[in-house]
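[1] Everything below, folded, please.
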Amino acid sequence: MSPTVRKRRLGAELRRLRINCGLTGGQVAQRLLISQPKISRMENGHCAISPRDVRDLCALYGVVDQQVLDSLMRMAKDSAQQGWWNAYGDVPYSIYIGLETEAQSIHCFAPMVIPGLLQTPAYAQTVIGETIPLITAEQGSNRLKVRLRRQHRIYDPADPLRLCVVLDESTLRRVVGSPGLMREQLKHLNALSAEPHITVQVLPYSRGALPGVAGQFSILNFADNPEAGVVYLEGSNSDLYLEKRSDLEHYEVIHAHLQARALSPHNTRNFISGLIGNYDVATT
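    As a prediction, this is how the structure comes out:
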């Protein structure tokens, strides 16, 4: 389990213990002489939780079962480990990568660009260079390495990530880099979509307005806890993670509607093949 998932699991357990003993986050902060935002960050898995934090919180919450305490302490120690992505410096979406690393399946909608897990190196490099203002050559290189390393999840022979993607037609028609680059990207996309664990569907312009979608989103589900999914909303300055059951159900319904209105996987491959032919013409 990745450090990110461990932190989130530990934070959720500490939140449950706090609620069970009838304390608010503000009351806990006051009694332990720490800030309320720190309590919130710990419970949401957004900051490190030290064994000392666990000890103090469990004492306040009246945890007397030594096995429970030992388990939480181990989770705190394990969550302090670094993920593989830390070797590439400051990665702004590191929380998402940690979740993606442990996810069993991801359902996503992409209205602008092809998702990173399905990008060719050339397409990824161009997207990174053109969408991140003032990025340095070193930062761009590290971002590309991280993106390509993330793709190992869909090639894992023992436990490949189940990926279900709905693409707006604009993602296929927007020329990223050059017609030749797009041709190779679409060929790559069609090849991946033939894999049994990857489903790609395109939502053509002809299907009209999109059902209640403001932008790109991903729904991550985990094998060890099917009820504890996460909705990831990517922003230009900050990202949002939704974990309430009502939020998950809302986005699951939206994704199901998108799938129902999109072309079937077979017809999507035919649609993409037609676009590849257009890009072939554009390069001659």
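[2] CA atoms for contacts and neighbours, from now on please.
    OK.
[3] what sits against the residue positioned nearest the centre of the chain?
    Nearest to the geometric centre of the chain sits residue 96, at 4.4 Å (C-alpha atoms, centre = their mean). For residue 96, the contact set (C-alpha atoms under 8 Å, 6 or more residues apart in numbering) comprises residue 232.
[4] In terms of pLDDT, where does it sit?
    Predicted confidence (pLDDT) for residue 96: 89.
[5] Likewise for the one 3 residues further on?
    Reading off the confidence values, residue 99 has pLDDT 88.
[6] Double-check it against residue 4; I have them as touching.
    Yes - contact criterion C-alpha atoms under 8 Å: residue 99 and residue 4 qualify, at 6.4 Å.
[7] out of the two, which sits in the busier spot?
    Remark: of residue 99 and residue 4, residue 4 carries more neighbours, 28 against 23, as counted by other C-alpha atoms under 10 Å.
[8] Any figure for the gap between the more buried one and residue 41?
    According to C-alpha to C-alpha, to the nearest Å, residue 4 and residue 41 sit 13 Å apart.
[9] Same check on residue 136?
    30 Å.
[10] and what of residue 209?
    37 Å.
[11] Looking at these two, which one has more neighbours?
    Higher neighbour count among residue 209 and residue 41: residue 41, with 15 against 8, using other C-alpha under 10 Å.
[12] so the nearest residue to the more buried one once chain neighbours are set aside, which of the three states?
    Counting by C-alpha to C-alpha, 6 or more residues apart in numbering, residue 41 lies nearest to residue 47, which is 5.7 Å off, once chain neighbours are set aside. Taken by DSSP: H, G, I helix; E, B strand; the rest coil, the conformation at residue 47 corresponds to coil.
[13] thought residue 47 was touching residue 39?
    No - counting by C-alpha under 8 Å, residue 47 does not reach residue 39; the two are 9.6 Å apart.
[14] the more surrounded of these two?
    Each of residue 47 and residue 39 has its neighbours counted (other C-alpha under 10 Å); residue 39 has more, 23 against 18.
[15] For residue 45, see how far away the more buried one is.
    10 Å.
[16] so what's residue 56 closest to, chain neighbours aside?
    Per C-alpha to C-alpha, 6+ apart, closest to residue 56 is residue 32, 7.8 Å.
[17] next structured bit after whatever helix or strand residue 31 lives in?
    Here residue 31, judged by DSSP states H and E, is contained in helix 25-32. Next helix or strand after helix 25-32 toward the C-terminus (DSSP H and E): helix 36-43.
[18] Might you quantify the distance of that next one from its chain's geometric centre?
    Mean-position distance between helix 36-43 and its chain equals 22 Å (C-alpha atoms, centre = their mean, to the nearest Å).
[19] now what about that helix, what contacts it?
    With C-alpha under 8 Å, 6+ apart, helix 36-43 has contacts from 7-8, 10-15, 25-26, 28-30, 47-49.
[20] Show me which residues of it are buried.
    38, 39, 40, 42, 43 (16 or more other C-alpha atoms under 10 Å).
[21] for the chain, which spans come out with low pLDDT?
    Within the chain, the ranges that satisfy pLDDT under 70 run 1-2, 212-214, 226, 236-237, 281-284.
[22] Would you map the helices across it?
    3-20, 25-32, 36-43, 51-61, 66-79, 94-102, 121-131, 137-150, 152-155, 169-173, 179-193, 245-261, 265-282 (DSSP state H).
[23] Quick one: closest of those to residue 112.
    Residue 112 sits nearest to helix 169-173 of all those, at 5.0 Å, using C-alpha to C-alpha.
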